[in-house]
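Visitor: test case, fold it:
(chains A, B, C and D)
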2 protein chains.
Amino acid sequence: MEQPSTPIDRVIVDAILAGRIRAGTRLGEQQLAALFGVSRTSVREALIRLEARGILQVSPRRGWFVIEPSLEEAQEAFQARCAVEMGILLAMKDIPPETIETLREHVRREREAIAGDDIGARSYLLGDFHVCMVEALGNRTLAEILRDLTARTVLISALYQSTHDATESCDEHERIVALMAAGDLAGAAALMVTHIGHVEAGLTRRIERDPLLDLRQALRLLPKGADAKQRP
Amino acid sequence: MEQPSTPIDRVIVDAILAGRIRAGTRLGEQQLAALFGVSRTSVREALIRLEARGILQVSPRRGWFVIEPSLEEAQEAFQARCAVEMGILLAMKDIPPETIETLREHVRREREAIAGDDIGARSYLLGDFHVCMVEALGNRTLAEILRDLTARTVLISALYQSTHDATESCDEHERIVALMAAGDLAGAAALMVTHIGHVEAGLTRRIERDPLLDLRQALRLLPKGADAKQRP
DNA sequence: GGCATCAGGCTTGCATACAAGATTTGGCGA
DNA sequence: TCGCCAAATCTTGTATGCAAGCCTGATGCC
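Guide: Next up, the predicted model:
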């Protein structure tokens, strides 16, 4: 595949991966054109690309929106990730040593991000581990596919209330790398499936996004029924 | 994902899947615009989508071309297909009975196409079996991914000299379905990997596409070194 | 003859203009 | 005060125009 990916694409995808843009967000052509200082045409091309990658969807004459996966689509995305990652692990004969080192380094950065308080970097790195793994295993094609699937699962995670801890995920990543280093690919694959299952299981009930949230915050209003005394 | 996929996309992808368009073919914007009776803008959007799907690539100010996978990319594509299909089979708990029937019907159509002489339909159906399988297993997301990967491998197959017979492929499809029907998913997955391996192994040496082929045929000239007496 | 140079045509890249539809807003009447 | 209808506004969809770069072919020079 191709990397040139105009800046606009990257910026949007990165923002999604870091959790700065949530599912359902509207992305206006005019708006983005002004922000990037280009014409609507270029913006539109980027949006079309992202639509083809299953990250955005367009509602005719209404606007472009970040996808809001249904429960069914969410399950498909997780299953797809499971299949891809298990598949690549089982299909590998042996693992190049530098792959292990790359992944260990990645886990190290995850720990740093968790220790710090950059929620964006943390979210990004935890998702990127899987992309990184497949790429380090030598298959860029699958890595690209996984990147888009990851974007989808990140959006899903933000839609649901997650009980899965970042530290837990990081620990599991570390154990997966350890199994790979030991040459136990079947074990690594199995743990990977379990790991993704954990993340998926952590998504309990859907959070209905309050469409008035931004306005409410701007006006310093609390949702109906909230205790006013809780306000700082 | 979305199906609306403007006609232009579908027509081009179908043509590739049926082997009517080969790797390296140039697709001019103006040319397509005239053919479809729309402006360059719409054509361009379709081409951009196909580029994002890894089927086309654009050479700045030179034109749009159907991808010509390198040996490395070819291997990645086959490995990706292996991983995805093995992964989904191993991830399934049980197979809905109607899935089996759908696939049996598909194999039946493959046999018909092989008996007939519609090379395009034959090529299309043999590739579509895999997409069909994943979709019948209930994962449209993965099916979409697989469709694009299949397009890539079809292009690759046309670039290489294939020794793998259509009948052989169809037989293997039938055996895979039989294993699935028997509930032996691990066996089906293993056979699937073997099957894809067969197809990949069938691609022996690269056929260097002769850029002068059309002209040569028009002029009734033979490649240098060929025995002139062999000409019909 | 061989080679460098340059003009012309053809391609995509990008911006703009206008058309069509959806949404919101404002006004009117019951 | 509520409901309904129409205009105004804002959105994307599509076409067109011009700029910029690549390739071809001709020309002139060595």
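Visitor: and the residue in chain A that DNA strand D sits nearest to, what pLDDT?
Guide: Using Cβ to the nearest atom of the strand, the point where chain A gets nearest to DNA strand D is A:Glu29, with a distance of 3.6 Å. For glycine as for every other residue, the C-beta is placed from the backbone atoms N, C-alpha and C. At A:Glu29, the model reports a pLDDT of 97.
Visitor: tally of neighbours for it?
Guide: Counted by other Cβ atoms under 10 Å in any protein chain shown, the residues lying close to A:Glu29 total 18.
Visitor: surely it touches A:Arg62?
Guide: No - taking contacts as Cβ atoms under 8 Å, A:Glu29 lies outside contact range of A:Arg62: 11.8 Å.
Visitor: list the contacts of the helix or strand hosting A:Glu101.
Guide: Secondary-structure assignment from DSSP states H and E places A:Glu101 in helix A:97-115. Helix A:97-115 has contacts (Cβ atoms under 8 Å, 6 or more residues apart in numbering or on different chains) with A:121-122, A:125-126, A:128-129, A:132-133, A:136-138, A:166-167, A:170, A:173-174, A:177, A:180-181.
Visitor: mind doing that once more with 7 Å?
Guide: A:121-122, A:125-126, A:129, A:132-133, A:136-137, A:166-167, A:170, A:173-174, A:177, A:180-181 (Cβ atoms under 7 Å, 6 or more residues apart in numbering or on different chains).
Visitor: and for stretch A:134-144?
Guide: A:1, A:84-85, A:88, A:92, A:99, A:102-103, A:131, A:146, B:73, B:76-77, B:79-80, B:83.
Visitor: quick check, nearest of those to DNA strand C?
Guide: A:Met1 (16.4 Å).
Visitor: where do the helices of chain A begin and end?
Guide: Shown for chain A, the helices assigned by DSSP state H span residues A:7-17, A:29-36, A:40-52, A:71-91, A:97-115, A:119-136, A:140-159, A:166-181, A:185-201, A:213-219.
Visitor: so is the third one next to DNA strand D?
Guide: Yep, that's helix A:40-52 we're talking about. Yes - Helix A:40-52 lies within reach of DNA strand D by Cβ under 7 Å from any atom of the strand, at A:40-41, A:44.
Visitor: give me the below-cutoff pLDDT ranges for chain A.
Guide: For chain A, residues meeting the criterion pLDDT under 70 lie at A:1-5, A:205-213, A:218, A:220-232.
Visitor: what about A:Arg175, neighbour count?
Guide: Using other Cβ under 10 Å, A:Arg175 has 17 other residues around it.
Visitor: then A:Ala181?
Guide: Neighbour count of A:Ala181, defined by other Cβ under 10 Å: 16.
Visitor: measure the residue lying closest to it once chain neighbours are set aside to chain B for me?
Guide: Spatial nearest neighbour of A:Ala181, excluding adjacent residues (Cβ to Cβ, 6 or more residues apart in numbering or on different chains): A:Ile100 at 4.8 Å. A:Ile100 is 20 Å from chain B, where distance means Cβ to the nearest Cβ, to the nearest Å.
Visitor: ok, A:Gly37 next?
Guide: Applying Cβ to the nearest Cβ, the value for A:Gly37 to chain B is 21 Å.
Visitor: enumerate the residues of chain A near DNA strand D.
Guide: Counting by Cβ under 7 Å from any atom of the strand, chain A comes close to DNA strand D at A:27-31, A:40-41, A:44, A:58, A:60-64.
Visitor: hmm, 6 Å instead?
Guide: Contacts of chain A with DNA strand D, taken as Cβ under 6 Å from any atom of the strand, map to A:28-30, A:58, A:60-61, A:63-64.
Visitor: touching chain B at all, stretch A:65-84?
Guide: Yes - applying Cβ under 7 Å from any Cβ of the partner chain, one finds stretch A:65-84 in contact with chain B at A:73, A:76-77, A:79-80, A:82-84.
Visitor: domain assignment for chain A?
Guide: Domain assignment for chain A, taken from automatic domain parsing, gives A:7-68, A:71-206.
Visitor: most packed of the ones you listed?
Guide: Stretch with highest mean neighbour count among the domains of chain A: domain A:71-206 (a mean of 19; mean count of other Cβ atoms under 10 Å in any protein chain shown).
Visitor: you'd agree A:Tyr160 is up against A:Leu203?
Guide: Yes - A:Tyr160 lies in contact with A:Leu203 (Cβ atoms under 7 Å); the separation is 3.7 Å.
Visitor: what's the burial count for A:Pro69?
Guide: For A:Pro69, the tally of surrounding residues (other Cβ under 10 Å) stands at 18.
Visitor: nearest residue to it in space, please, no chain neighbours.
Guide: That would be A:Ile156: by Cβ to Cβ, 6+ apart, it lies 5.2 Å from A:Pro69.
Visitor: any idea how far A:Val66 lies from A:Glu168?
Guide: 27 Å (Cβ to Cβ, to the nearest Å).
Visitor: sorry, back to before: which residues touch the residue nearest to A:Pro69?
Guide: Contacts of A:Ile156 by Cβ under 7 Å, 6+ apart are A:69, A:74, A:77, A:203.
Visitor: which residues touch the spatially closest residue to A:Phe36 that is not a sequence neighbour?
Guide: Distances taken as Cβ to Cβ, 6+ apart place A:Ile8 nearest to A:Phe36, at 5.8 Å, with adjacent residues excluded. Shown in contact with A:Ile8 (Cβ under 7 Å, 6+ apart): A:32, A:36, A:43, A:46.
Visitor: I figured A:Glu51 hits A:Val66, correct?
Guide: No - using Cβ under 7 Å, A:Glu51 is not in contact with A:Val66, being 10.7 Å away.
Visitor: put the alpha carbons of stretch A:128-147 into PDB.
Guide: Provided in PDB are the C-alpha atoms of stretch A:128-147 (Å, rounded to 0.1, in the frame of the first residue of the first chain):
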ATOM      1  CA  ASP A 128      -0.500   0.600  18.100                       C
ATOM      2  CA  PHE A 129       1.100  -2.400  19.800                       C
ATOM      3  CA  HIS A 130      -0.900  -4.700  17.700                       C
ATOM      4  CA  VAL A 131      -0.200  -2.800  14.500                       C
ATOM      5  CA  CYS A 132       3.400  -2.700  15.500                       C
ATOM      6  CA  MET A 133       3.500  -6.400  16.100                       C
ATOM      7  CA  VAL A 134       2.200  -7.400  12.700                       C
ATOM      8  CA  GLU A 135       4.500  -4.900  11.000                       C
ATOM      9  CA  ALA A 136       7.500  -6.200  12.900                       C
ATOM     10  CA  LEU A 137       6.500  -9.700  11.800                       C
ATOM     11  CA  GLY A 138       7.100  -8.400   8.300                       C
ATOM     12  CA  ASN A 139       3.700  -7.900   6.800                       C
ATOM     13  CA  ARG A 140       2.900  -4.300   6.000                       C
ATOM     14  CA  THR A 141      -0.200  -5.200   4.200                       C
ATOM     15  CA  LEU A 142      -1.800  -6.800   7.200                       C
ATOM     16  CA  ALA A 143      -0.500  -4.000   9.400                       C
ATOM     17  CA  GLU A 144      -2.400  -1.400   7.300                       C
ATOM     18  CA  ILE A 145      -5.500  -3.400   7.600                       C
ATOM     19  CA  LEU A 146      -5.100  -3.800  11.300                       C
ATOM     20  CA  ARG A 147      -4.500  -0.100  11.700                       C
END
